[in-house]
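Colleague: Coordinates only, no sequence provided:
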């Protein structure tokens, strides 16, 4: 059964019920009556020495979208017993996977000594601004600017429909093969056909080598002792399920089917946003009895040492989030960025303002259970800006800044309270 954006239900196959026989055709007719189907094949599809029958059929929920259907000639050279193929032409288009751009970094070949030297020459105080949005953007753009000069990086086009082992060399050989074929087809010269066959063989060999190299690298990665359990299972999935797709299927919303990626993203974003809205109109604050101690955590003042220690412990291999700053860059510049980032964090805490970009996140909808065409069967997994994650303690790192300041205050207050009670 195929559900498309034009609300067409299609059922086809070898049913083994002969529609030319009144005794067995009743079952198919009953099925069509129950589910409002139309049977479109009217010619025999199976032949024997003494009989013919219609056992291969096409059932559709609407004939409006069916252009043509019928029975074709048999594929196999069988004169006595044979099946004929059936076909149907419908009015609908297959959704295409759109390409998108991605900025990638080759951190293994980065010149980090040069990166640290450039960071030391930056006048970080000149980047300060009363507006935390401008201040945050100044720091981010400066870090990315010097990082691009020291770490190889480039923009690539991601084509989701392509297999993972496709490389630039394979694409180049495939293009050469296609050009050689077109030229040989037009000219008809034997020399051009010989050149085409040579390019075809080269492209086949390149593809084979590319596939082998891809899976060999995955096998070596699985043998690595430093690989985390999460990365190990992710790598194994690429081997055992190479054709699996992680895209969201067509979504049903307000009695309509949406297949465009832009429409699906808006539907999911709006649903996730509605889950964060709280009804505070009838909320009642609890009656908290004040203790004898009136200690207050009036402000949190960070030190460059605290910021540097957090930057040094940033885990590698995490996605960078919307701002494009990776943990690898922040970790390599932990000493050089400790003072400017400490100044920025203190200003944000003092003013009570969080940069707008820090509230943004790349959200991945992860299916829970049930029908994946229903938006409520997804949960959001956000990838937010890395700097704010380690400032507010929303990551699993033990040495997060605000978490440490609050826990130290609570422990000191609890200890003082116990002393007074004694």
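Modeller: Looks like it came in fine. Please read these numbers as outputs of a predicted model, since none were measured by experiment.

Colleague: what comes up buried for stretch 56-67?
Modeller: Neighbour counts over stretch 56-67 (16 or more other Cβ atoms under 10 Å) mark 56-61, 65-66 as buried. Backbone N, C-alpha and C define where each C-beta goes, glycine included.

Colleague: ignore the last one, stretch 128-147
Modeller: Buried residues in stretch 128-147 (16+ other Cβ under 10 Å): 132, 135-140, 142-143, 146-147.

Colleague: where exactly do the helices run in the protein?
Modeller: 22-35, 112-120, 132-150, 168-187, 190-223, 229-240, 261-275, 304-312, 327-332, 334-351, 386-392, 401-421 (DSSP state H).

Colleague: do you know which of those helices lies nearest residue 157?
Modeller: helix 168-187 (10.8 Å; Cβ to Cβ).

Colleague: Residue 215: neighbouring residues, count only.
Modeller: If you count neighbours by other Cβ atoms under 10 Å, residue 215 ends up with 15.

Colleague: got the contact list for it?
Modeller: 165, 239 (Cβ atoms under 8 Å, 6 or more residues apart in numbering).

Colleague: Residue 196 too?
Modeller: 177, 180-181, 183-184.

Colleague: Farthest pair within the buried residues of stretch 56-67?
Modeller: Of all pairs drawn from the buried residues of stretch 56-67, the one with the longest distance (Cβ to Cβ) is 56 and 65, at 20.4 Å.

Colleague: And the pLDDT at the residue lying closest to residue 221 once chain neighbours are set aside?
Modeller: Among residues not flanking residue 221 along the chain, residue 235 sits closest, at 5.2 Å (Cβ to Cβ, 6 or more residues apart in numbering). Residue 235 carries a pLDDT score of 84 in this model.

Colleague: Now do residue 235 against residue 219, distance only.
Modeller: Using Cβ to Cβ, to the nearest Å, one gets 9 Å for the distance from residue 235 to residue 219.

Colleague: quick one, which of those two is more surrounded?
Modeller: In this view residue 235 and residue 219 are compared by other Cβ under 10 Å, and residue 235 has more residues nearby, 17 against 11.

Colleague: you'd agree that one is up against residue 220?
Modeller: No. At 10.0 Å, residue 235 and residue 220 do not qualify as touching, with contact defined as Cβ atoms under 8 Å.

Colleague: buried set for stretch 199-215?
Modeller: Those would be 199-200, 203, 206-207, 210-211, 214, for stretch 199-215 by 16+ other Cβ under 10 Å.

Colleague: got CSV for the residues you listed, with distance to residue 19 and pLDDT too?
Modeller: Shown next, in CSV, are those (distance: Cβ to Cβ, whole Å; pLDDT from 0 to 100):
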residue, distance to residue 19, pLDDT
199, 51, 94
200, 46, 94
203, 47, 94
206, 51, 94
207, 46, 94
210, 49, 93
211, 46, 92
214, 49, 91
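
Colleague: Distance to residue 357 added to those residues, as a markdown table?
Modeller: Listed next are the buried residues of stretch 199-215 as a markdown table, based on distance: Cβ to Cβ, whole Å:
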| residue | distance to residue 357 |
| --- | --- |
| 199 | 49 |
| 200 | 50 |
| 203 | 45 |
| 206 | 43 |
| 207 | 42 |
| 210 | 39 |
| 211 | 41 |
| 214 | 36 |
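
Colleague: which non-adjacent residue is nearest residue 112?
Modeller: Nearest to residue 112 is residue 332, by Cβ to Cβ, 6+ apart, at 4.8 Å.

Colleague: For residue 180, see how far away that neighbour is.
Modeller: 47 Å.

Colleague: Residue 130 too?
Modeller: Residue 130 is 64 Å from residue 180, by Cβ to Cβ.

Colleague: just to revisit the earlier point, going through the contacts of residue 196, which ones are buried?
Modeller: Counted by 16+ other Cβ under 10 Å, the contacts of residue 196 give 177, 180-181, 184 as buried.

Colleague: Make TSV out of these and add pLDDT.
Modeller: Listed next are these as TSV, based on pLDDT from 0 to 100:
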residue	pLDDT
177	94
180	94
181	93
184	93
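
Colleague: low-scoring stretches of the stretch 201-350 of the chain, by residue?
Modeller: For the stretch 201-350 of the chain, the stretches flagged by pLDDT under 70 are 241-246, 288-298.

Colleague: 80 instead, please
Modeller: Residues of the stretch 201-350 of the chain meeting the criterion pLDDT under 80: 238-247, 278-281, 283, 285-300, 317-319, 321.

Colleague: And for residue 258, the neighbour number?
Modeller: Residue 258, neighbours per other Cβ under 10 Å, totals 20.

Colleague: Isn't it up against residue 264?
Modeller: Yes. Between residue 258 and residue 264 there is a contact under Cβ under 8 Å: 5.6 Å.

Colleague: Mind listing the shared neighbours of the two?
Modeller: Common neighbours of residue 258 and residue 264 (Cβ under 8 Å, 6+ apart) are 250-251.

Colleague: Name all residues that make contact with residue 143.
Modeller: Applying Cβ under 8 Å, 6+ apart to residue 143 gives the contacts 119, 325, 329-330, 333, 337.
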